[in-house]
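Participant: Need a 3D model of the following:
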Amino acid sequence: MSDQSDIRETVRAGYATAALKVTQGGTACCGSQSACCGSPSAEVDENFGAGLYGDEDREALPADAVAASLGCGNPLTVAELREGERVLDLGSGGGIDVLLSARRVGASGRVYGLDMTEEMLALALANAEKAGVTNVEFLKGAIESVPLPANTVDVVISNCVINLSVDKPAVFAEMFRVLVPGGRIGITDVVAEDRLTPAERAERGSYVGCVAGALSFAEYREGLEAAGFGGVEITPTHEVADGMRSAVVRAVKPSARAA
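Facilitator: Numbers count the residues shown, from 1 in each chain. Below you'll find the model as predicted:
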């Protein structure tokens with residue numbers, strides 16, 4: 001396999017293990033010091049997971065959706081979802097952000113969860129059934145090639161997943177494609193300080209652990225703008241490793257392209 005294929009398979013296997021751990025009664029883990037719950041004794045990193053959500057949100061969800069949370073933030077705090085909106089969650093995992101989004105957009109809205117891992121999709125479907133949520137749809141696929149038509153959704157959210165992609169320009173292009181004109185993104189991701197080289201980022205954590213594949217702040221902005229987004233805002237929050245920050249990323253698809 002190519003290096004990119006190797007990385008993609010490592011990511012898939014890591015998250016499949018996470019899903020299986022939850023279905024067996026454990027808690028998934030993902031952080032800068034571990035290969036995403038590769039061993040039952042891995043220490044949970046406080047910078048990742050369900051602890052980044054409020055008590056009210058956690059208590060409203062099935063326990064397995066909370067246990068499978070592997071993100072580095074809470075994208076719903078910045079996405080500002082409204083009644084009736086259509087939402088796409090890239091890398092939806094066990095479904096925590098899909099289920100919370102479904103509550104916010106209401107019965108007139110719809111939420112799509114996209115994941116490449118069969119085990120996570122099965123877990124998410126089970127969690128949606130437990131929660132009694134019907135305005136959601138889970139799709140199998142890669143975030144670099146979203147299985148939805150153009151101009152389908154109003155909002156794209158994602159929680160610490162884009163850093164895992166081996167082709168981030170493709171992810172940015174796909175977000176732009178599926179959004180309606182005037183649509184927006186509200187995501188959280190791990191982002192590196194501009195001073196760090198790719199090699200230095202890799203020294204601070206694994207690819208599956210959401211660190212080695214992170215873009216710098218400048219690279220993130222340039223990538224979104226190259227895809228066509230405007231109004232790009234990247235706001236760092238907490239540190240997850242030396243020089244690596246969880247960040248809130250906002251941007252808008254212009255209502256009309258300039259001629």
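
Participant: how many other residues sit next to residue 129?
Facilitator: 11 (other Cβ atoms under 10 Å). Bear in mind the C-beta positions are built from the backbone N, C-alpha and C, glycine included.

Participant: got the buried residues for the host helix or strand of it?
Facilitator: Per DSSP states H and E: residue 129 is located in helix 118-131. Within helix 118-131, the residues that count as buried by 16 or more other Cβ atoms under 10 Å are 119, 120, 121, 123, 124, 126, 127, 128, 131.

Participant: Show me what it is packed up against.
Facilitator: helix 3-23, helix 63-67, helix 96-105, strand 110-115, strand 136-140 (3 or more Cβ pairs under 8 Å, 6 or more residues apart in numbering; DSSP states H and E).

Participant: switch to 6 Å and redo it
Facilitator: helix 3-23, strand 136-140 (3 or more Cβ pairs under 6 Å, 6 or more residues apart in numbering; DSSP states H and E).

Participant: Against residue 77, how distant is residue 183?
Facilitator: Separation of residue 183 from residue 77 (Cβ to Cβ, to the nearest Å) stands at 19 Å.

Participant: For the buried residues of helix 118-131, could you give me TSV that also reports distance to residue 173 and pLDDT?
Facilitator: Listed next are these as TSV, based on distance: Cβ to Cβ, whole Å; pLDDT from 0 to 100:
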residue	distance to residue 173	pLDDT
119	28	84
120	24	83
121	24	89
123	29	86
124	25	87
126	32	88
127	30	86
128	29	88
131	32	86
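
Participant: Need these in JSON lines (columns: distance to residue 189).
Facilitator: Below are those laid out as JSON lines (distance: Cβ to Cβ, whole Å):
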{"residue": "119", "distance to residue 189": "23"}
{"residue": "120", "distance to residue 189": "18"}
{"residue": "121", "distance to residue 189": "21"}
{"residue": "123", "distance to residue 189": "22"}
{"residue": "124", "distance to residue 189": "20"}
{"residue": "126", "distance to residue 189": "27"}
{"residue": "127", "distance to residue 189": "23"}
{"residue": "128", "distance to residue 189": "24"}
{"residue": "131", "distance to residue 189": "26"}
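
Participant: circling back to that earlier point, more crowded one of residue 183 and residue 77?
Facilitator: A count of neighbours by other Cβ under 10 Å puts residue 183 above the other of residue 183 and residue 77, at 23 against 14.

Participant: List every C-alpha atom in the host helix or strand of the more buried one, with coordinates, as CSV.
Facilitator: Element membership of residue 183 [criterion: DSSP H and E] is strand 179-192. Output of strand 179-192 as CSV, limited to C-alpha atoms (Å, rounded to 0.1, in the frame of the first residue of the first chain):
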residue,chain,number,x,y,z
LEU,A,179,-22.9,23.4,1.1
VAL,A,180,-25.6,25.6,-0.3
PRO,A,181,-24.5,29.2,-1.3
GLY,A,182,-24.4,31.1,2.0
GLY,A,183,-23.8,27.9,3.9
ARG,A,184,-21.3,27.7,6.7
ILE,A,185,-18.9,25.5,8.6
GLY,A,186,-18.5,25.3,12.3
ILE,A,187,-15.9,22.7,13.3
THR,A,188,-13.3,21.9,15.9
ASP,A,189,-9.9,20.4,15.0
VAL,A,190,-6.4,20.2,16.2
VAL,A,191,-4.2,22.9,14.7
ALA,A,192,-0.4,23.4,15.0
